[in-house]
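# just to be clear, the model below is a prediction. Sequence and coordinates:
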2 protein chains.
Amino acid sequence: MEKPYVIGIDIGGTNSVFGVVDARGTILYSDSIKTGKYEDIKDYISILSYGLKGVIEQAGGPGKIRGIGVGAPNGNYFTGCIEFAPNLPWKGTIPLAQLISESTWNIPVTLTNDANAAAIGEMTYGAARGMKDFIEITLGTGVGSGIVVGGTLVYGHDGFAGELGHVKVKENGRICGCGRAGCLEAYCSATGVARSAREMLATRTDKSLLRDLNPETITSKDIYDAATKGDKLSVEIFEFTGNILGESLSNFIAFSSPEAIILFGGLTKAGDLLLNPIRRSMEDNVLKVFQGKTKILVSQLKESDAAVLGASALGWEVKDS
Amino acid sequence: MEKPYVIGIDIGGTNSVFGVVDARGTILYSDSIKTGKYEDIKDYISILSYGLKGVIEQAGGPGKIRGIGVGAPNGNYFTGCIEFAPNLPWKGTIPLAQLISESTWNIPVTLTNDANAAAIGEMTYGAARGMKDFIEITLGTGVGSGIVVGGTLVYGHDGFAGELGHVKVKENGRICGCGRAGCLEAYCSATGVARSAREMLATRTDKSLLRDLNPETITSKDIYDAATKGDKLSVEIFEFTGNILGESLSNFIAFSSPEAIILFGGLTKAGDLLLNPIRRSMEDNVLKVFQGKTKILVSQLKESDAAVLGASALGWEVKDS
């Protein structure tokens, strides 16, 4: 193969990580820069392209690179732009794919949001290999999703489909970061789980290991640690979370009837503490015709590599030119 | 064209209507039989094929027919079977596509559910011509849906995707015909609207033209008639219905970001009484990135023809053999 590699770039609010990836999903060379440090997009692109050129030279030069895939919050596949991403320093619409391509020997660049990139990575290298219909749910600081129907990612007419973290799951529910109320993300993200802990600690009086911690800085990891020590309230927090997520998944199944729903991200480390209530609640709530059909799986992408791998998978989609 | 026609068969709980359709969507010859009269599927197929042969002969014989498309409740596109359809007389799994094909010169038969057929009909002959991403919502006795993503109907891994009438929209809500509680169908079908009327009449004391009617037999048509005469409570019933539907649509948009949501069926005759609250509620509830982007349209398929046309559109999908 003349161009044996692709590049994946994962742009997060804190770091931008990038790497050269081969067809088997091995990250050969990688590097990262701080996203938040560059308030002017020109400075960011200049530093990013310096880093990209470094790994590209290591891989044998631009002639070896088939394409660059970028996963970024609010990244639009159709336009190649980042549009109004709340966690990134640049405001308005940024033509990111074009800027990156222009600064790196005009290698073709494809952009999508981070959850879509995770879904494509899962299909290319992970738990969804061979699947044509699945939903990837990312449970991190927020809740994201990438939906695959008939082997193709669902982008919608505008490139922004798959915002399942902002499906409303509670009437008059918690205020979400998006400004609306009752979103799935407000309950089932890592920060949502911490909110549940604070709520339960404030409204109840039963003992809990969590009471030794400062409620304002409590994390989902703290709750997991307490739950594994048998802390009842912590176990209940995961049950509460799993119940809401499972019921939401039962609604998502009514939409696209996926073979599997694949959970990705830090919260999945809670394992059966979270997965059991999810599965139970999903099966209890799903329409009869779908009962027992949809698998709940945990991502097989290593978390440290997943974002770069997922983004890189987009690089293979580049048409020969 | 050697085979210029297709056949559409719409199987409803009461009637089975079928017709020969040309490429412009004109129904050339049609006929119908009573579905409910034949409790044995063999008898049904025998009478249906007799009728089909009649219209096929009128059209010039089986050599003129490219394929047969069937829309039926719980019809599975992948298997060609009807599976556990609650409103049809036959229990269990019925290999309908095969039975019809065998009884009509082995013309290829494609089957899907009635709402999917409506979506395909809309895309082929109606308001969705040229659209690649839209959702068809059928508002009849029940609430059905057909979802089109990237120009292709979403069937899911098992052929049953697109059951948006059974997305839960209310916690501890009304019991639905499916046995679960709080489904969209329990509120926004024609029967759901009549339930809303009965609930409001029972729990309130304000005057209404509807109080002259027997609440047990009230229909959505009665409520529409009263609303057009200025009956406040009837107007409120449509607002209540539109609010719930609009909020649900805002969640569906988060899934597939369609260019349009197309409403089909008897309830759409309520016009702006229903459409205005739907549009308002949808825009009030939708995630910012989708605001003002998704059109709410009313089907352009004539209701009397739509089911047969929709089903017939499947007939064009037959591969040459």
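Thanks, I have it. Residues are numbered from 1 along each chain as shown, chains lettered A, B, ... in the order given.
# only C-alpha atoms for contact and neighbour calcs from this point on.
Will do.
# need the contact list for residue A:45.
Listed by CA atoms under 8 Å, 6 or more residues apart in numbering or on different chains, the contact set of residue A:45 reads A:99, A:100, A:103.
# that one - that's part of a strand, no?
No: using DSSP: H, G, I helix; E, B strand; the rest coil, the assignment for residue A:45 is helix, not a strand.
# switch the contacts of residue A:45 over to TSV; also include distance to residue A:301.
Converted to TSV, those look like this (distance: CA to CA, whole Å):
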residue	distance to residue A:301
A:99	29
A:100	26
A:103	30
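# which of the residues you listed fall in helices?
Among those, DSSP state H puts A:99, A:100, A:103 in helices.
# which of those has the largest number of neighbours?
Counting neighbours by other CA atoms under 10 Å in any protein chain shown, residue A:100 leads the ones in helices among the contacts of residue A:45 with 22 neighbours.
# quick one: that residue from residue B:287, how far?
Distance from residue A:100 to residue B:287, counting by CA to CA, to the nearest Å: 29 Å.
# kindly report the same for residue A:263.
As defined by CA to CA, residue A:263 lies at a distance of 23 Å from residue B:287.
# one more: residue A:232?
Taking CA to CA, one finds residue A:232 at 36 Å from residue B:287.
# distance between the helix or strand hosting residue A:304 and the chain's centre?
Counting by DSSP states H and E, the element that carries residue A:304 is helix A:303-315. Chain-centre distance of helix A:303-315: 11 Å, with CA atoms, centre = their mean, to the nearest Å.
# what about the closest residue to residue A:312 other than its chain neighbours, how many neighbours?
Spatial nearest neighbour of residue A:312, excluding adjacent residues (CA to CA, 6 or more residues apart in numbering or on different chains): residue A:8 at 3.5 Å. The number of residues packed near residue A:8 is 31, by other CA under 10 Å.
# now do the helix or strand hosting residue A:8, average pLDDT.
Per DSSP H and E: residue A:8 is located in strand A:5-11. For strand A:5-11, mean pLDDT rounds to 95.
# need the residues that contact stretch A:226-242.
A:187-188, A:193, A:196-197, A:206-210, A:223-224, A:273-279, A:281.
# just the buried members of those residues?
Buried members of the contacts of stretch A:226-242, scored by 16 or more other CA atoms under 10 Å in any protein chain shown, are A:187-188, A:193, A:196-197, A:208-210, A:223-224, A:273-279, A:281.
# now, which of the contacts of residue A:45 sits nearest residue A:148?
Comparing the contacts of residue A:45 against residue A:148 with CA to CA picks out residue A:100 as the nearest, at 26.7 Å.
# domains of chain A: list them as residue ranges, please.
As assigned by automatic domain parsing, chain A contains the domains A:5-120+A:304-315, A:130-300.
# least confident of these, on average?
Among those, domain A:5-120+A:304-315 scores lowest, with a mean of 93.
# check the offset of that one from the chain's centre.
15 Å.
# so which residues of chain A form strands?
Listed in chain order, the strands of chain A (DSSP state E) span A:5-11, A:15-21, A:27-34, A:65-71, A:82-83, A:93-94, A:109-112, A:134-139, A:143-149, A:152-153, A:260-264, A:295-298.
# for residue A:122, give its distance to residue A:17.
Distance, residue A:122 to residue A:17, using CA to CA: 18 Å.
# tilt between the longest helix seen in chain A and strand A:134-139?
When chain A is parsed with DSSP H, its longest helix is helix A:232-256. If you take axes from the mean of the first three to the mean of the last three CA atoms, to 10 degrees, helix A:232-256 sits at 150 degrees to strand A:134-139.
# about what we covered before: export the domains of chain A as CSV, with columns for distance to residue B:70.
Shown next, in CSV, are these (distance: least, CA to CA, whole Å):
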stretch, distance to residue B:70
domain A:5-120+A:304-315, 34
domain A:130-300, 20
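# quick one, which of those is nearest to residue B:173?
Taking CA to CA, domain A:130-300 is the member of the domains of chain A nearest to residue B:173, at 11.8 Å.
# one step back: can you pull the buried residues of the longest helix of chain A?
Across helix A:232-256, burial judged by 16+ other CA under 10 Å covers A:233-256.
# what does stretch A:51-62 give?
If you call a residue buried by 16+ other CA under 10 Å, then stretch A:51-62 has these buried ones: A:51, A:52, A:53, A:55, A:56, A:59, A:62.
# again with stretch A:200-216
For stretch A:200-216, the neighbour count (16+ other CA under 10 Å) marks A:200, A:201, A:208, A:209, A:210, A:215 as buried.
# re earlier: pick the one among the contacts of residue A:45 closest to chain B.
Closest approach to chain B among these (CA to the nearest CA): residue A:99, at 22.7 Å.
# enumerate the residues of the stretch 1-150 of chain A near chain B.
Residues of the stretch 1-150 of chain A lying close to chain B by CA under 8 Å from any CA of the partner chain are A:132, A:133, A:149, A:150.
# ok, and the most crowded of those?
residue A:133 (25 neighbours).
# which residues does that residue contact?
Listed by CA under 8 Å, 6+ apart, the contact set of residue A:133 reads A:147, A:148, A:149, A:150, A:151, A:256, A:257, A:258, A:259, A:260, B:156, B:157.
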